[in-house]
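Asker: 3D, please:
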Amino acid sequence: MPSVVFPSTTASDRPLIELTADPTVVFVYPKTGDPRSPDSEAWAAVPGAKGCTAEACSFRDLRRDFAALGWSIVGCSSQTTEYQAEAVARLHLPYPLLSDTEFVLADTLGLPTFEFEGTRLYRRMTLLVRDGEIVGAIDPGADSTGHVEDVLRVVRAGVGDGRDGTPDSGAAL
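Answerer: Got it, this is the predicted structure:
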């Protein structure tokens, strides 16, 4: 992981490599919704774009399961910290959301993005990180909520800790 500091919805901004020193699920998403301005039909028609709020809530709801396995959760999008802080409060998210408005992760790690109405956004991707190294990557496609269970199954299988038979295995991009 790059040693970059992203603005966070928590009080302290720390380098991403420090945030991911312990096993961490980093889910990257296009944007959470805003109940004051419903998504357009055009947004709903973009495969895999809709469902970020539901995804964030699914990670919230399974947070204890991940924590019992020693994994923390961090979300990341290109939205501003102010926008994300509203989502954290409204959705009662117990984990930080990071703002990568400059697409550092996309440009450094080659994470996928897309354009919508002239705005660059992240395509949904979940990274499993241990000791600052990516040990697995899961592309959920259009399944914004069901893949959270898939991520939990991969973590339960012991990705990257040798329990699955390999020292650094994981789901492929």
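Asker: what ranges of this structure fall below the confidence cut-off?
Answerer: 142, 160-173 (pLDDT under 70).
Asker: Work out which residue lies at the spatial centre of the chain.
Answerer: Geometric centre of the chain, nearest residue: F27, 1.2 Å, by CA atoms, centre = their mean.
Asker: Quick one: classify the closest residue to that residue other than its chain neighbours as helix, strand or coil.
Answerer: Sequence neighbours aside, T126 is the residue nearest to F27 in space, at 4.7 Å (criterion: CB to CB, 6 or more residues apart in numbering). For glycine as for every other residue, the C-beta is placed from the backbone atoms N, C-alpha and C. Assigned with DSSP: H, G, I helix; E, B strand; the rest coil, T126 falls in the strand class.
Asker: what residues are up against T126?
Answerer: Listed by CB atoms under 8 Å, 6 or more residues apart in numbering, the contact partners of T126 are V25, V26, F27, V28, A137, I138, D139, P140, H147, V151.
Asker: Out of those residues, the closest to P15 would be?
Answerer: V26 (13.4 Å; CB to CB).
Asker: check which helix or strand covers that closest one.
Answerer: strand 24-28 (DSSP states H and E).
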